[in-house]
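In: Make a model of this:
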Amino acid sequence: MKRIALAVLAALLLNVNAMAAVKITGSQAKNMDDVQSLGVIYINHNLATESEADQALNEESDAQGARYFYPVLLHEPGSNGLIHASAEIYR
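Out: Okay, here's the model as predicted:
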C-alpha cells in the first residue's frame, strides 16, 4: 500500500514539474504568434538575486496558469541592489 501511495505521489510531483512556466527572452516573446498574453504579474517584495526573482516569477506564472513568462527586473537606486520583478505572462 505504501508503494502505491509513493508511486502516485512521485507521478504527481513529476507532472507538476512538467507544467512549470518557461522563461523566455524579449525576442522570443515578440515572435510567438501562437500564444495569448495573460497580462503582467508583479512581485512586490525585495529580492536579493536575479535567481530568486526568476523563481518567484516562475511560481506566480504557474499560479496564474501561464506557460511562458518574460521577466523584467528592476534595481532600485539606493536599495543596496535589491530587485523588484515583474513579467509578462503568456498561455
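
In: After the helix or strand hosting Glu59, which helix or strand is next?
Out: Assigned by DSSP states H and E, Glu59 belongs to helix 50-63. Using DSSP H and E, the next helix or strand after helix 50-63 towards the C-terminus is strand 68-75.

In: Point to the residue nearest the middle of the protein.
Out: Asn58 (1.4 Å; C-alpha atoms, centre = their mean).

In: Neighbours of the nearest residue to that one once chain neighbours are set aside, how many?
Out: Nearest non-adjacent residue to Asn58, counting by C-beta to C-beta, 6 or more residues apart in numbering: Ala21, 5.5 Å away. C-betas here are computed from N, CA, C, even on glycine. By other C-beta atoms under 10 Å, the residues close to Ala21 number 22.

In: Contact partners for Ala21?
Out: Applying C-beta atoms under 8 Å, 6 or more residues apart in numbering to Ala21 gives the contacts Asn58, Ser61, Asp62, Ala66, Arg67, Tyr68, Phe69, Ile89.

In: what does Leu73 give?
Out: Per C-beta under 8 Å, 6+ apart, neighbours of Leu73: Glu50, Ala53, Ile83, His84, Ala85.

In: With Val35 instead?
Out: Counted by C-beta under 8 Å, 6+ apart, Val35 has contacts Arg67, Tyr68, Tyr90, Arg91.

In: In three-state terms, label it for me.
Out: coil (DSSP: H, G, I helix; E, B strand; the rest coil).

In: Look up phi and psi at it.
Out: phi -120, psi 160 (degrees, to the nearest 10).

In: Could you check how far it is from Ala63?
Out: From Val35 across to Ala63, the span is 18 Å (C-beta to C-beta, to the nearest Å).

In: next one: Lys23
Out: Relative to Ala63, Lys23 is positioned 15 Å away (C-beta to C-beta).

In: Same drill for these two, tell me which one is more crowded.
Out: More neighbours surround Lys23 than the other of Lys23 and Ala63, with 15 against 10 (other C-beta under 10 Å).
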